[in-house]
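Colleague: need a structure here:
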Amino acid sequence: MAEWATTGIQDLGTGVLSTNSTDANGLQAPIRGFRFTANFEGLGTTSFREVQGFSTDVETMTYREGGFGFLTNRKLPGMVSYGEITLSKGLYSSPLLYNFFNDYLEGNNFKPVNATIIVYDNAGQPQASWTVINAWPSRYESTGLNAESSEILVETLNLQHEGIKRDVTTAAG
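Modeller: Modelled structure (predicted):
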């Protein structure tokens, strides 16, 4: 069993919270989330306006165990579920995202793909990344048309997937 599972965070010391930076007495700024790309198997690398949905939930199972004088339920971890990933970007003349979704609709390519989402610093160096496992498109949407507006059209793609893993080796330092 991992050390953190049997001790409180106060017992692990302040090294757990260290950012390993020599600047500003060990403190550094958090990673900013405005420079990022996504690479999909079969689609290549593209940029997006927004990526949302990095969430993981563990179902809690409760049961009452006999033989104890306690009036509380025991709690155990259950099934894991992942929130859908939502990708938004400006609409271009290339129908790449729409075709990716439409191929699933028409049954031409119902093979889930892996994707890697990478966040960069101002110098263009990777700072964090996530791998989305077995993703497939479940929804496509484009903003509406309005003759009284000059706003950019935005297309949105929702992905279902079987897991998301944070790659801790990408971050510098």
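Colleague: secondary structure class of the spatially most central residue of the chain, three-state.
Modeller: The residue lying closest to the centre of the chain (CA atoms, centre = their mean) is Phe54, at 3.2 Å. Under DSSP: H, G, I helix; E, B strand; the rest coil, Phe54 falls in the coil class.
Colleague: that one is in contact with Ile164, isn't it?
Modeller: Yes - in this structure Phe54 lies within contact range of Ile164 using CB atoms under 8 Å: 6.3 Å. Glycine gets a C-beta too; all of them are placed from N, C-alpha and C.
Colleague: next, show the common contact partners of these two.
Modeller: Ile85, Trp130 (CB atoms under 8 Å, 6 or more residues apart in numbering).
Colleague: now the lengthiest strand in the chain, how far from the centre of its chain.
Modeller: Looking across the chain with DSSP state E, the single longest strand is strand 126-142. From the chain centre to the centre of strand 126-142 is a distance of 7 Å (CA atoms, centre = their mean, to the nearest Å).
Colleague: near Val132, how many residues? Count them for me, please.
Modeller: For Val132, the neighbour count with other CB atoms under 10 Å is 25.
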